[in-house]
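Chemist: Sequence and predicted structure are below.
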Amino acid sequence: MLRLTEIKLPLDHDEAAIKAAALKRLKIDASELLNVTIFRRGYDARKRADIHLVYSLDCAVKNEAALLKRFRNEPKITITPDASYKFVTHAPANLPLRPVVIGLGPCGLFAALTLAQMGFKPIVLERGKSVRERTQDTWGLWRKSNLNPESNVQFGEGGAGTFSDGKLWSQIKDPFFLGRKVLEEFVKAGAPAEIMYVSKPHIGTFKLVTMVEIMRATIESLGGEIRFQQKVVGFDIETKRQGEIEERTIRGVVLADGGHIRTDHVVLAIGHSARDTFEQIHAAGVYIEPKPFSIGFRIEHPQSLIDAARFGSSAGNSILGAADYKLVHHASNGRSVYSFCMCPGGTVVAATSEVGRVVTNGMSQYSRNERNANAGIVVGVTPERDYSGHPLAGLAFQRYWEEQAFKAGGENYCAPGQLVGDFIAGRASTKVASVVPSYKPGVKMTDLSSVVPDFAIAAIREALPVFDKQIKGFAMADAVLTGVETRTSSPIRITRRDDDFQSVNTRGLFPAGEGAGYAGGIMSAGVDGIKVAEAVALSIVGDPNISGRHQRVIMDDQASPY
């Protein structure tokens with residue numbers, strides 16, 4: 001199989017054009033081309049008057065070796081790499097203790113699925129409810145201002161990614177094609193087949209709900225066990241001393257109902273909002289360090305404005321779909337402002353998990369056909385500069401500003417909002433204009449300067465007119481800002497070793513995913529879950545060093561693409 005890259009075709013091309021382009025690139029007759037499949041399809045919209053599609057194609061041909069030799073100096077014609085997933089090991093016949101996975105978000109889901117596929121029959125502990133039940137509880141907050149602290153946007157089967165745009169791309173380096181396995185498992189669970197080849201695949205909340213249920217059923221069919229409303233409140237850690245060296249090993253977990261599960265292998269796949277668990281982990285002596293995250297607002301525009309700015313006369317094209325954007329500005333006060341979790345044709349949602357606090361996030365359905373576009377406009381914060389002094393200081397920082405947003409919104413889980421024109425001018429807003437905010441249970445128009453730090457206000461005020469030069473209308477007076485966005489990523493890292501993915505000071509504990517500071521979104525969390533599952537499996541069978549299998553993921557720790 002040969003891979004052809006950078007095949008450019010017009011937006012309105014017919015199906016035959018793909019085969020014709022492959023024949024032209026390879027300079028062969030149609031009889032020599034056995035099959036063509038699309039590996040990747042993206043678009044180039046740098047010139048709005050000349051938007052075109054860009055393909056990577058996999059071609060089965062006659063005389064492959066001869067063609068490779070002929071095009072040996074052509075970088076756009078190569079052998080198609082083997083992207084099939086291969087399990088690192090399989091469970092022994094007599095497994096002494098089952099591994100435990102804490103959390104059933106994207107990371108925990110793929111960790112449990114991979115362990116189950118290798119025969120390790122994991123026990124999964126999820127503090128929240130099943131995905132259907134948590135959906136009802138989440139709507140309870142959005143429609144009636146009733147918050148269930150254990151079942152909401154953050155907690156429950158599917159994790160925070162369930163109530164998001166369902167983006168399936170990331171910035172991680174994936175030399176072992178684990179991202180391909182994530183996509184394949186999603187397709188098996190009912191995701192559209194196009195996610196295997198479009199450049200920016202997404203699913204949306206409604207499709208994710210059904211897919212998560214199917215994946216759960218697969219885990220259970222392979223001997224795994226899912227236990228809902230099972231909150232871990234303690235860690236059984238055995239400590240031994242050999243001279244000045246202290247050895248700590250996980251021996252089990254303690255549940256809120258008083259139960260205890262004996263295990264030597266725990267995958268800690270908690271999300272970025274599991275603050276009480278962070279506190280328990282720290283109290284148990286597990287090494288934690290603070291890490292950067294970001295704070296800011298959600299901004300809403302008419303989706304039609306974004307489409308026109310990005311696609312010009314091609315706006316509305318069914319292949320292009322609803323337009324997105326990615327923006328960044330380095331402000332004069334030394335802060336970076338950037339767009340985060342852009343949700344085309346979506347809504348702003350209430351995403352708090354704690355009483356008396358307001359948090360915003362963005363969500364889209366697969367269709368992306370809501371009136372507004374929304375994105376986080378956030379400012380980076382760092383422990384050295386903004387919340388030093390304790391590994392968990394970032395939690396207090398987040399909570400303080402979420403409480404300010406709760407007060408400014410009327411103390412009923414409505415969110416504070418402000419028109420962009422008023423925000424830039426430094427005056428309070430009293431009513432909405434042409435852009436109607438989508439946040440439920442509601443938005444109270446006010447002055448947002450009290451709900452984020454002064455440096456963030458100054459940086460965002462400076463950034464919005466700059467962004468307007470890149471997307472005409474971005475700083476339109478009627479656009480709406482809603483606060484506050486604080487859960488961009490975990491404020492801590494539960495540090496693990498590079499060689500076996502275990503906690504740097506607690507054997508048998510495998511920090512994973514977004515809550516542990518090693519992922520940022522559905523795709524990277526799923527990939528990390530697979531990697532950690534492999535590390536657990538190799539540890540159980542007596543080959544704990546996984547460094548030869550995987551390189552350390554390098555990614556932007558400031559934000560998740562949810």
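Modeler: Happy to help now that I have it. The structure displayed is predicted, hence computed values, not measured ones.
Chemist: how about low-confidence regions in the stretch 401-550 of the chain?
Modeler: Scanning the stretch 401-550 of the chain with the threshold set as pLDDT under 70 gives 543-550.
Chemist: Around the nearest residue to Phe87 once chain neighbours are set aside, count how many other residues there are.
Modeler: Spatially, and ignoring its direct neighbours in sequence, Phe87 is nearest to Met118 (5.4 Å; C-beta to C-beta, 6 or more residues apart in numbering). All C-beta atoms are positioned from the backbone trio N, CA, C, and that covers glycine. Counted by other C-beta atoms under 10 Å, the residues lying close to Met118 total 21.
Chemist: And Thr249, by the same measure?
Modeler: When neighbours are counted by other C-beta under 10 Å, Thr249 registers 15.
Chemist: right, and it touches Glu238 too?
Modeler: Yes - with contact defined as C-beta atoms under 8 Å, Thr249 counts as touching Glu238 (4.8 Å).
Chemist: buried sites along stretch 159-177?
Modeler: By neighbour count on 16 or more other C-beta atoms under 10 Å, the buried set for stretch 159-177 is 159-170, 172, 174, 176-177.
Chemist: what's the lowest-pLDDT member of those residues?
Modeler: The lowest pLDDT within the buried residues of stretch 159-177 belongs to Phe176, with 64.
Chemist: What is the end-to-end distance of stretch 424-434?
Modeler: Start to finish, the residues bounding stretch 424-434 are 17 Å apart (C-alpha to C-alpha, to the nearest Å).
Chemist: err, stretch 287-297, not the other one
Modeler: 32 Å.
Chemist: Can you give me the buried ones in it?
Modeler: So, applying 16+ other C-beta under 10 Å, buried residues of stretch 287-297: 287-288, 290-297.
Chemist: With respect to Val328, which of the residues you listed is nearest?
Modeler: Distance to Val328, by C-beta to C-beta, is smallest for Ser294 among the buried residues of stretch 287-297, at 11.6 Å.
Chemist: What are the phi and psi values at the closest residue to the closest one other than its chain neighbours?
Modeler: Among residues not flanking Ser294 along the chain, Val378 sits closest, at 3.9 Å (C-beta to C-beta, 6+ apart). The phi/psi pair for Val378 (degrees, to the nearest 10) reads phi -130, psi 160.
Chemist: For Val378, give me the pLDDT.
Modeler: 98.
Chemist: ok, now which ones touch it?
Modeler: Under the criterion of C-beta atoms under 8 Å, 6 or more residues apart in numbering, the neighbours of Val378 are 294-297, 337-338, 340, 485, 488, 559.
Chemist: again, only this time at 6 Å
Modeler: The neighbourhood of Val378, defined by C-beta atoms under 6 Å, 6 or more residues apart in numbering, consists of 294, 296, 340, 485, 488.
Chemist: how much space between it and Ala459?
Modeler: Distance of Val378 to Ala459, given as C-beta to C-beta, to the nearest Å: 10 Å.
Chemist: what's the answer for Tyr518, then?
Modeler: Relative to Ala459, Tyr518 is positioned 28 Å away (C-beta to C-beta).
Chemist: Which one's more surrounded, these two?
Modeler: Between Tyr518 and Ala459, counted using other C-beta under 10 Å, the more crowded position is Tyr518 (28 against 25).
Chemist: what's the closest non-adjacent residue to the more buried one?
Modeler: Asp528 (5.2 Å).
Chemist: Do you have the helices of the stretch 301-450 of the chain handy? List them.
Modeler: Residue ranges of the helices in the stretch 301-450 of the chain, as given by DSSP state H, counting those that start in this stretch, are 303-311, 383-386, 393-408, 420-425.
Chemist: Kindly present those as JSON lines, with separate columns for mean neighbour count.
Modeler: JSON lines is the format used below for the helices of the stretch 301-450 of the chain (neighbours: other C-beta atoms under 10 Å):
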{"stretch": "helix 303-311", "mean neighbour count": "20"}
{"stretch": "helix 383-386", "mean neighbour count": "15"}
{"stretch": "helix 393-408", "mean neighbour count": "20"}
{"stretch": "helix 420-425", "mean neighbour count": "19"}
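Chemist: Could I get the full set of helices for the stretch 51-200 of the chain?
Modeler: According to DSSP H, counting those that start in this stretch, the helices that the stretch 51-200 of the chain contains are 64-70, 106-117, 131-144, 178-188.
Chemist: of those helices, which approaches Val358 most closely?
Modeler: helix 131-144 (10.7 Å).
Chemist: Pull the residues that contact that closest one.
Modeler: 128, 146-148, 151-153, 156-158, 209, 212, 350, 440.
Chemist: which among the residues you listed gets closest to Met363?
Modeler: Val153 (8.6 Å).
Chemist: check contacts around that closest one.
Modeler: Applying C-beta under 6 Å, 6+ apart, the residues near Val153 are 138, 163, 351.
Chemist: now do 7 Å
Modeler: Counting by C-beta atoms under 7 Å, 6 or more residues apart in numbering, Val153 makes contact with 138, 160, 163, 349, 351, 361.
Chemist: Likewise for Arg248?
Modeler: 237, 239, 285, 505-507.
Chemist: mind listing the strands in the stretch 51-200 of the chain by residue range?
Modeler: For the stretch 51-200 of the chain, the strands defined by DSSP state E, counting those that start in this stretch occupy 52-61, 77-79, 100-102, 123-126.
Chemist: Show me the contact partners of the longest one.
Modeler: Defining contact as C-beta under 7 Å, 6+ apart, one finds that strand 52-61 is touched by 1-11, 18, 22, 26, 28, 32-44, 67, 80.
Chemist: In strands, which of those residues appear?
Modeler: Residues of those located in strands (DSSP state E): 2-10, 33-44.
Chemist: just to revisit the earlier point, the residue nearest to Tyr518 - how many residues pack around it?
Modeler: Quick note: Asp528 (other C-beta under 10 Å) scores 29 neighbours.
Chemist: so it sits right up against Cys107, yeah?
Modeler: Yes - contact criterion C-beta atoms under 7 Å: Asp528 and Cys107 qualify, at 5.6 Å.
Chemist: what's the overlap in contacts for those two?
Modeler: What both Asp528 and Cys107 touch, as defined by C-beta under 7 Å, 6+ apart, is the set 512-513, 519.
Chemist: Taking helix 178-188 as reference, get the angle to the longest helix along the chain.
Modeler: Determined from DSSP state H, the single longest helix within the chain is helix 522-540. With axes from the mean of the first three to the mean of the last three C-alpha atoms, to 10 degrees defining the directions, helix 522-540 sits at 110 degrees from helix 178-188.
Chemist: Show me what Met363 bridges to in the sheet.
Modeler: Thr347 (DSSP bridges).
Chemist: In contact with it, which residues?
Modeler: 163-165, 205, 343, 346-347, 349.
Chemist: okay, the residues you listed in a markdown table with distance to Glu194 next?
Modeler: Shown next, in a markdown table, are those (distance: C-beta to C-beta, whole Å):
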| residue | distance to Glu194 |
| --- | --- |
| Phe163 | 22 |
| Ser164 | 19 |
| Asp165 | 15 |
| Thr205 | 18 |
| Cys343 | 19 |
| Gly346 | 19 |
| Thr347 | 23 |
| Val349 | 25 |
